[in-house]
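# sequence plus the predicted model coming up.
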Amino acid sequence: MTKRDKKDPSVTSSLEPTRRDRFLPAELLGISGGLGVFVGLIVLIATREFILAGVALGIAFILSLVLMALFALAFKPTASEVEDIHEQDVEAEAKRAAAADGTRPDGDAPQDRPRGH
């Protein structure tokens, strides 16, 4: 059990993703799909070629999806996200130090494990 697991329930409940956070990927896919369909319809109306319209739809979908994902990553993290990142860094450093010492992070001696030939 890590230090994070032992936190007060009021603190750990705030670390659960919100409904908005859970639906962000679906939102990005929906908006990108809408933009792709829009471009595909414009190309289809202009050229009346289904293959060209399909290619334009695919290119617009992928391009808009990548750009919106990059914009979503560019937002500054909140204070709770920064705190969580810092806690994960501290835990990872403790695990690395324990592995270098040959002990487990909780202070116990390592168990005998079978070794290769």
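The structure has been received and is ready for your questions. Worth saying up front: this structure is predicted, and the values here are computed from it rather than measured.

# what sits against Glu49?
Applying C-beta atoms under 8 Å, 6 or more residues apart in numbering, one finds that Glu49 lies in contact with Val43. Backbone N, C-alpha and C define where each C-beta goes, glycine included.

# pLDDT score for it?
Here the pLDDT value assigned to Glu49 is 96.

# distance check, it against Gly40.
Noted for Glu49: a distance of 11 Å to Gly40, by C-beta to C-beta, to the nearest Å.

# how about Gly34?
Using C-beta to C-beta, we find Gly34 at a distance of 11 Å from Gly40.

# higher neighbour count, the two?
Of the pair Gly34 and Gly40, Gly40 is the one with more neighbours under other C-beta atoms under 10 Å, namely 21 against 12.

# which element, helix or strand, includes the more buried one?
If you go by DSSP states H and E, Gly40 is part of helix 19-47.

# helices or strands up against that helix?
In terms of contacts (3 or more C-beta pairs under 8 Å, 6 or more residues apart in numbering; DSSP states H and E), helix 19-47 is packed against helix 50-73.

# so the helix it packs on versus helix 19-47, what angle?
Orientation check (axes from the mean of the first three to the mean of the last three C-alpha atoms, to 10 degrees): helix 50-73 against helix 19-47 gives 150 degrees.
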